[in-house]
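no sequence on hand, only this structure:
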Ligand SMILES: NC(=O)c1ccc[n+]([C@@H]2O[C@H](COP(=O)([O-])OP(=O)(O)OC[C@H]3O[C@@H](n4cnc5c(N)ncnc54)[C@H](O)[C@@H]3O)[C@@H](O)[C@H]2O)c1
């Protein structure tokens, strides 16, 4: 256990069942944090359809699951692309819990994949706006609050293996996640004097709702059946399996804790040894 009792944690994009955000919320709740489950709640146009997003009902179910673990939990709908909504997310958190100690930038779009020479400007903008600008806005306003509090803080960015290596059909995703590591490093050096630590976690494949979509997409592109494609991922992994959402939640709980008090500016792979630079 990491002694996070009473800490206030916001996890963006955490309102989708089977997602990494849900696992992070539940793990931080089990560690004693007061948690803010935040997600879109409602579809936002064609690119953010119900198939891909965390709904209000799911957000509430995840908050209830956190409460069953003994944690205080609230839900706040927030589109991380909007600075006004991000400011409201922080304000609502302060109203409910009086502080922001931990921010996990988990919201991400990984389903807008197209051949590079056909890549739509609107897809590029949607991916960069959520994965990179969203993390920038949430970090900016959380850091302001942490500086006001004067007690330090922790920001954790959920990047990806695609922050370290290139992936086909995924120019925007790969660029956004590489950019997120850049944001992590810049924030770490600038915010260290306030005792705000900023790190990234880089998962490889996990079969969440998004991961399932990616398995379907890539198996079709590579002319493989779904299970053969998935087995290929396991076979090239030194530990012989794909990731689990709990693997990422474990890393986040560690990085959020004082056990990681001398770690900042890192982009930590959680990939079973598949990615190691
Ligand atoms: N699953 C994987 O294999 C994998 C691997 C590496 C990195 N990741 C990253 O982990 C994070 C979580 O992914 P996941 O696999 O759990 O997928 P997921 O689809 O379950 O979670 C992504 C969440 O982001 C939310 N979101 C999207 N646009 C948003 C917006 N504008 N504002 C607020 N929330 C928004 C969605 O509603 C969804 O709940 C993402 O950043 C993803 O890029 C996932």
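All right, it came through fine. These figures come from a predicted structure and were not determined experimentally.

can you check the pLDDT for the residue of the stretch 101-250 of the chain found nearest the ligand?
Distance from the ligand to each residue of the stretch 101-250 of the chain (Cβ to the nearest ligand atom) is smallest for residue 108, at 2.2 Å. All C-beta spots, glycine's among them, are computed from the backbone N, C-alpha and C. pLDDT for residue 108: 98.

that one contacts residue 159, correct?
No. Between residue 108 and residue 159 no contact is recorded; they are 9.0 Å apart, counting by Cβ atoms under 8 Å.

quick revisit: and the residue of the stretch 101-250 of the chain closest to the ligand, what does it touch?
13, 130, 131, 158, 160, 210 (Cβ atoms under 8 Å, 6 or more residues apart in numbering).

just confirm the third one contacts residue 178, I think it does.
No. Using Cβ under 8 Å, residue 131 and residue 178 do not qualify as a contacting pair, with a distance of 10.3 Å.

more crowded one of the two?
residue 131 (28 against 18; other Cβ atoms under 10 Å).

now the strands: where do they sit in the stretch 51-200 of the chain?
For the stretch 51-200 of the chain, the strands defined by DSSP state E, counting those that start in this stretch occupy 73-77, 102-105, 153-158, 196-203.

looking at these, spot the one closest to residue 96.
strand 73-77 (5.0 Å; Cβ to Cβ).

so who does the closest residue to residue 35 other than its chain neighbours touch?
In space, residue 35 comes closest to residue 73 once its chain neighbours are excluded; the distance is 4.8 Å by Cβ to Cβ, 6 or more residues apart in numbering. Contact analysis of residue 73 by Cβ under 8 Å, 6+ apart lists 25, 29, 34, 35, 36, 37, 63, 64, 66, 67.

near the ligand too, which of these?
Contacts with the ligand are made by none of the contacts of residue 73, judged by Cβ under 6 Å from any ligand atom.

Serialize those to a markdown table and add fields for neighbour count, pLDDT and distance to residue 250.
A markdown table is the format used below for the contacts of residue 73 (neighbours: other Cβ atoms under 10 Å; pLDDT from 0 to 100; distance: Cβ to Cβ, whole Å):
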| residue | neighbour count | pLDDT | distance to residue 250 |
| --- | --- | --- | --- |
| 25 | 32 | 99 | 14 |
| 29 | 26 | 98 | 14 |
| 34 | 24 | 98 | 20 |
| 35 | 32 | 99 | 16 |
| 36 | 30 | 99 | 20 |
| 37 | 30 | 99 | 19 |
| 63 | 23 | 99 | 21 |
| 64 | 12 | 98 | 23 |
| 66 | 28 | 98 | 17 |
| 67 | 14 | 98 | 22 |
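
nearest to the ligand, of those residues?
Distances from the ligand to those, taken by Cβ to the nearest ligand atom, are shortest for residue 37, at 10.0 Å.

for that closest one, grab phi and psi.
phi -90, psi 120 (degrees, to the nearest 10).

repeat for the one 5 residues further on
Its backbone dihedrals place residue 42 at phi -130, psi 150, with angles given as degrees, to the nearest 10.

residue 35 versus that one, what's the distance?
From residue 42 across to residue 35, the span is 21 Å (Cβ to Cβ, to the nearest Å).

show me which residues of this structure are close to the ligand?
12-13, 15-16, 19-21, 39-40, 48, 53-54, 78-81, 106-110, 130, 134, 158, 160, 203, 205-206, 208-211.
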